[in-house]
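Enquirer: fold the following for me, if possible:
(chains A and B)
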Amino acid sequence: MNGPVAAPQDLAGVGPAKKLLNRRMQRLFFRDKLTGLGTVLVLVTFLSAVAAPALSPFPEDAYENVRVTERLQGPGAKHWFGTDRMGRDIFSRILYGGRVTLFIALAVTLLSIAIGVPLGLVAGYYSGTIREVIMRVADIFLAIPRIILALSLAAALGPNVPNVIVALSVSFWPRFARIVEAETQSLRHELYVEASESLGVSPLSILFRHIFVHTLPTIIVRGTLGIGFTILLAATLGFIGVGVSPPTPEWGLMIAESREYLPGTWWYALFPGLAIFLTVMGYTLLGDSLRDAMDPKLRGIEG
Amino acid sequence: MRRNGRGKRGEGHVLDRRTFLKTGAGIVAANLAGTLGSVLLRRGRGNAAEARGHFVQAARTEISSLDPHEAYTIEVYSFTLNMYDNLMRFDGNPPEVVPWLAESHSVSGDGLTWTFRLRRGVKFHDGRELTAEDVVYSVDRLLRLGKDPASVFKPCLKPGASEALERYTVRMKLYQPFAPFLAILPIICVVNKDLVQKNEKGGDLGAPWLSRNDAGSGAFKLRSHEPAKGFVMDRFAEYWRGWRGSHVQSAEVRIIREPASQVLNLQKGTIHMTHTLLPPEQFERMETMKGVRVTKDQTLRTFVIRMHNQRSPLNDVNVRKAIAHAFDYDGFNKGVMKGNVVRNPVPIPLNMWGNPKNPPAYTFDLAKAESYLAKAKSKITRPLDLISLAGNPITDQAALLLQSNLKKLGVEVKIRGLTFPQFSVAGKNQETMGDLAVHWVSSYYPDPDNWIGKMYDSRNWGAWQASSFYKNLEVDNLLQKAREVVDRAQRQKLYERATAIVFEDSVDVWIYNSTSQRGLSDRLQGYNFSPVGDGLDFYPLYFTGS
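Expert: Coordinates of the predicted model:
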C-alpha cells in the first residue's frame, strides 16, 4: 500500500499543471497589451495608495484639515488636481482615497472568500441536508441584486468603513460559495478523489489538498474581478451617502460633493471619477487575463 | 466534447470584452445624444409653456404632504400661499401684518378676546362661499391635529375656543395673553369645512385626504401632485383678488435635486425660479448668465450650531464657550458663504427688534477656546456626535470647519447626515438628539419669540426648535412675560435681558443671518419677496416679452 499513498499527487496532475500555468501566464502577460495595461493600472493604483503619505503634497488634507481661503481652485502648480469645497488638495485626497477604497475592496473580497469558499467546499462535497441548507441560504442572498442588498444594509448599519465592508461582504460571499460548490461537485467524482476516499484519507484532507487546490484558479479570477466591482459598489454607496461619512476621502463621496458646484468645478468630479475608472478597469482587465491564463478548462486551445 | 466546450468559452470571452467596449461607447453616445436632444427639444417646449403663462419653480426636496395644517417648513409656503387664504398675511420686507380674509379685527382690553370681521364673497375652489364656520373649523383642525404648526399656538389657544358669531364674524378667546398673536395668525390656512369633513374617516380629520388634495380658496387650485416630482396648480377663475392685469396662468413646483440641473433648466427657460438654498457659487455663475437674474434680499433666517445643553460634556458652560470660540465665523461667512450673509452673533436676527444695542459676539479664538476647555470640569473623552443636514453643502461645510478646528484642540467630532425631516424628529427627544446639530431657523412669524422664545424656553422642549434642551427658570420667565406684555418697549427690555443670559450661557453657536438669493428668468416679473414665505406667492408673477 505504500506506493499508491503518494499517487494522488500525480493523479491530480498538480505538478505538470503548475508548469503549464506558469508558461501560459508568461506568454499571455507579454503577448496581450490589455493584460499589460491592467497589470500596470493595478500596480500603480496599489502602490500610490500604499505610498500615499509619501506622495501626497498635502497629507494633512486627507482628513480634518480645511483651508477656507483656497476653496474650489482649479488645477494649478500648487494643487495639481485643484481643491475641493473645503480648500483641500484633491490630488492628496485621491491618493488617500485609494487607501480607503482598496482597503474596503480587499477586505470585502478576502472576507467573502473566507466565508464563501469553505461553505462552497462543504456544500459541494456533502450532498443532502447540509448542501441544501447552505445553498438555499446562498440563493436567498443571490436573489437580491447586490447593490440593493448592500445599500439597504449600509443604510441600516450607519455610514463608516467597517459597516461598508460588512454590507458588501454579505452580498458577495454567495458568489464564491456558488462557484466553489459547482467545482467541488464535479471534482468529487474524479478518479483521484475517489481513490483517496477508498484509501481512507480524511475528508478534510481531501477537501483541502485535492479539491480546494483545484478551485484556486477560479477563486483568484473571481476575486480579482470582484475587487473591481466592489470598488465600483463602494463608490456607489459613498455617492449615495450611505458609505463612509465626511471627511473620509472616499472617491464616490468626493463626486457626490462635487455635484453641488458642477459644472463650474469640473476638476472636482473628473479626477475622483478617473481614479475609479482606471482602478476598476485595471482589475477587470487583469481578472480577464487571469481567467485566460488560469482557467484549466481553457488549457490546450493555445495557438 | 471538452475541446469544443473550451473553444466556445474562449470565443465567448473575446466577444465579452468587445461587447463591453462597444456597449460602453454606445451608452456614452446615447447619453450625449439624449442630453443634446432634450436640450434642443426643451428649449422649444419651455417657450411654449411660457407663452401659455405656465410658471415653474424648482424645489430641492420632496413635498410629501399638501395639508396646510401639518407641515411647518419654508417649503410649505409654495402651496399654502397659493392654494389657501389666511385671516391675516405678511407683506413686504421688513414684513407687516396686513388684513386678508379678515377685513378688520378688534381685541378686548385684556388682550384675550379677538374678533374678526370676514370679507364677503370669498369662494372656495368648489364654488361655495367661505364663512366663519370654515375659519372656526380650520383653527380647531390645526390645533387638534397637533402637528408642528399647532405648537406655535400652544401658549395661547386651545381647540374649541373659537366660535362663529355670525356668518362673517369669528371670535377667538385666548387662555392667556399672547403678544405676537397677530403675527402667528397667518399660519392658519382656512380650509373648506364641508369638503374636508366629507373626506374624514374615523376621526382622522381628513388628514390622509388633504395631504393629497386641495380644499382652499387661494389664487390657484391643485391640478396634480406627485410627492417625488412636485405639483401643478391652475388659476382659480373666481379668486377674490381677481385676475385683472398680468398674471401667470398656471404654476408648478418641480423637484430638481441637483443645483447644476436647476441652473441649467433656468438657463434653458424650462424653469423660471430656482430654490434659495443653493451654494453661493451657483448664484455667482447665474449672475454671469444671459436671460437670468439673481435676486438678493435680506431675510430672517439664522444659521446655528445647536449644542445639547443637558448631556455631558456639553452641559458644562466652559465646554460650550470653547466650542463657540472654535468656530471660524469670518472664514465661513466670507470664505464659504462668499460674504452673502451677515454675522449674527445672538439668537434673534439683527434686522429684527429685541436685540441689545451693541450685541455681544463670540470670536474665533483657539487660544481662548483652549483656556475654556482647561477650565471645564467635564473632560471630552469621546467623539462628539454632530448632525448635519444630509447632502446639504452649507451645513456640511460648517460641520467640517468646526470639526477641523476642534481637532486642533484634541476634540474629535463625528459627522452624521440626517435629512431635515429626520432631524426634526431626532431633535424632539433628548435621547435621539446629537451632541451638536447644524441648521437654519427660519421665520414662521416675524417676532423675537420665533427665535429666542421657541429655542430657549424649556416649556417648548419636544419641538425641534428647542433641540438645545436649555433650561433656565429666569429665561423661561422672561420669555413668558414677553409673550404676555403687549407693549413693544417693555418686550424689547425683556428680550434684551433674556438674550444677555442666553449669550452668557453660550447655549448655541450663533453664526449668521441669511440673504435670500434666487435665480429668476429675466422674463419673469412681479417677484414680491417677503422673509415670511420667501417670495413664494405666485399670484403677482407674470411674463414679459414672450
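Enquirer: in the stretch 151-300 of chain B, what residue spans correspond to helices?
Expert: B:181-184, B:193-198, B:207-210, B:259-268, B:280-287 (DSSP state H, counting those that start in this stretch).
Enquirer: cool, chain A as well?
Expert: With DSSP state H, the ranges of helices along chain A come out as A:2-12, A:14-31, A:33-50, A:52-55, A:90-125, A:129-143, A:146-157, A:161-170, A:173-187, A:191-198, A:203-205, A:213-240, A:251-258, A:266-294.
Enquirer: circling back: got the helices of the stretch 151-300 of chain B as JSON lines, with mean pLDDT, distance to chain A and mean neighbour count columns?
Expert: C-beta coordinates here come from the backbone N, C-alpha and C atoms, glycine included. Shown next, in JSON lines, are the helices of the stretch 151-300 of chain B (pLDDT from 0 to 100; distance: least, CB to the nearest CB, whole Å; neighbours: other CB atoms under 10 Å in any protein chain shown):
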{"stretch": "helix B:181-184", "mean pLDDT": "93", "distance to chain A": "34", "mean neighbour count": "20"}
{"stretch": "helix B:193-198", "mean pLDDT": "96", "distance to chain A": "36", "mean neighbour count": "17"}
{"stretch": "helix B:207-210", "mean pLDDT": "95", "distance to chain A": "27", "mean neighbour count": "19"}
{"stretch": "helix B:259-268", "mean pLDDT": "94", "distance to chain A": "4", "mean neighbour count": "21"}
{"stretch": "helix B:280-287", "mean pLDDT": "93", "distance to chain A": "5", "mean neighbour count": "19"}
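Enquirer: report pLDDT for B:Tyr445.
Expert: According to the prediction, B:Tyr445 has pLDDT 90.
Enquirer: for it, grab phi and psi.
Expert: With angles defined as degrees, to the nearest 10, B:Tyr445 sits at phi -140, psi 130.
Enquirer: ok, back up a step: out of the helices of the stretch 151-300 of chain B, nearest to B:Trp240?
Expert: Of all those, helix B:193-198 sits nearest to B:Trp240, with 17.7 Å by CB to CB.
Enquirer: quick one: contacts of that closest one?
Expert: B:124, B:126, B:128, B:133-134, B:137-138, B:141, B:205-206, B:209-210, B:215 (CB atoms under 8 Å, 6 or more residues apart in numbering or on different chains).
Enquirer: nearest to chain B: which residue in chain A?
Expert: A:Val68 (3.3 Å; CB to the nearest CB).
Enquirer: that residue against B:Gly335, yeah?
Expert: Yes: using CB atoms under 8 Å, A:Val68 makes contact with B:Gly335 at a distance of 3.3 Å.
Enquirer: tell me the secondary structure for whichever residue of chain B sits closest to chain A?
Expert: Of all residues in chain B, B:Gly335 sits closest to chain A, at 3.3 Å by CB to the nearest CB. When classified by DSSP: H, G, I helix; E, B strand; the rest coil, B:Gly335 comes out as helix.
Enquirer: residues near it, how many?
Expert: Look at B:Gly335: counted by other CB atoms under 10 Å in any protein chain shown, it has 20 neighbours.
Enquirer: OK, contacts around the residue nearest the centre of chain A?
Expert: For chain A, the residue nearest the mean C-alpha position is A:Ile227 (1.8 Å; CA atoms, centre = their mean). Residues in contact with A:Ile227 (CB under 8 Å, 6+ apart) are A:Ala105, A:Leu106, A:Thr109, A:Tyr283, A:Gly287.
Enquirer: wait, doesn't A:Phe271 sit right on A:Phe91?
Expert: Yes: here A:Phe271 reaches A:Phe91: they are 7.4 Å apart, a contact under CB under 8 Å.
Enquirer: which neighbours do these two have in common?
Expert: With CB under 8 Å, 6+ apart as the test, A:Phe271 and A:Phe91 both reach A:Phe81.
Enquirer: excluding sequence neighbours, find me the nearest residue to A:Phe229.
Expert: Nearest residue to A:Phe229 in three dimensions, chain neighbours excluded: A:Val280, at 7.7 Å (CB to CB, 6 or more residues apart in numbering or on different chains).
Enquirer: tell me how many other residues crowd that neighbour.
Expert: So A:Val280, with other CB under 10 Å, has 21 neighbours.
Enquirer: now do B:Val98
Expert: So B:Val98, with other CB under 10 Å, has 11 neighbours.
Enquirer: so what secondary structure elements neighbour the helix or strand harbouring it?
Expert: Assigned by DSSP states H and E, B:Val98 belongs to strand B:96-99. With contacts defined as 3 or more CB pairs under 8 Å, 6 or more residues apart in numbering or on different chains; DSSP states H and E, strand B:96-99 has these neighbours: strand B:88-91.
Enquirer: mean confidence for stretch B:63-83?
Expert: 90.
Enquirer: in that stretch, what's buried?
Expert: B:63, B:65-72, B:74-83 (16 or more other CB atoms under 10 Å in any protein chain shown).
Enquirer: what ranges of the chain fall below the confidence cut-off?
Expert: All of this refers to chain A. For chain A, residues meeting the criterion pLDDT under 70 lie at A:1-21, A:23-31, A:295-303.
Enquirer: wait, I meant chain B there
Expert: Ranges of chain B meeting pLDDT under 70: B:1-48, B:546.
Enquirer: give me the domain ranges for it.
Expert: B:74-234+B:523-543, B:298-515 (automatic domain parsing).
Enquirer: so which of those domains gets nearest A:Gln73?
Expert: domain B:298-515 (12.2 Å).
Enquirer: for B:Ile348, which of the helices of the stretch 151-300 of chain B is the nearest?
Expert: helix B:181-184 (13.9 Å).
Enquirer: same for the closest one, what does it pack against?
Expert: Packed next to helix B:181-184, using 3+ CB pairs under 8 Å, 6+ apart, is no helix or strand.
Enquirer: what does it rub up against?
Expert: Helix B:181-184 has contacts (CB under 8 Å, 6+ apart) with B:88, B:97, B:105, B:111, B:114, B:152-153, B:156, B:174, B:178, B:444-447, B:450.
Enquirer: one more time with 7 Å
Expert: For helix B:181-184, contacts defined as CB atoms under 7 Å, 6 or more residues apart in numbering or on different chains pick out B:Met88, B:Val97, B:Trp114, B:Val152, B:Phe153, B:Cys156, B:Leu174, B:Tyr445, B:Pro446, B:Asp447.
Enquirer: again, but for stretch A:240-251
Expert: In contact with stretch A:240-251 (CB under 7 Å, 6+ apart) are residues A:62-64, A:93, A:96-97, A:100-101, A:151, A:154-155, A:159-161, A:164, A:234-235, A:237-238, A:252-253, A:256, A:272, A:275-276, B:390-391, B:396, B:400, B:403, B:415-417.
Enquirer: got the residues of chain A near chain B?
Expert: A:64-66, A:68-69, A:71-72, A:85-86, A:241, A:245-247, A:259-264, A:288, A:291, A:297-298, A:300-301 (CB under 7 Å from any CB of the partner chain).
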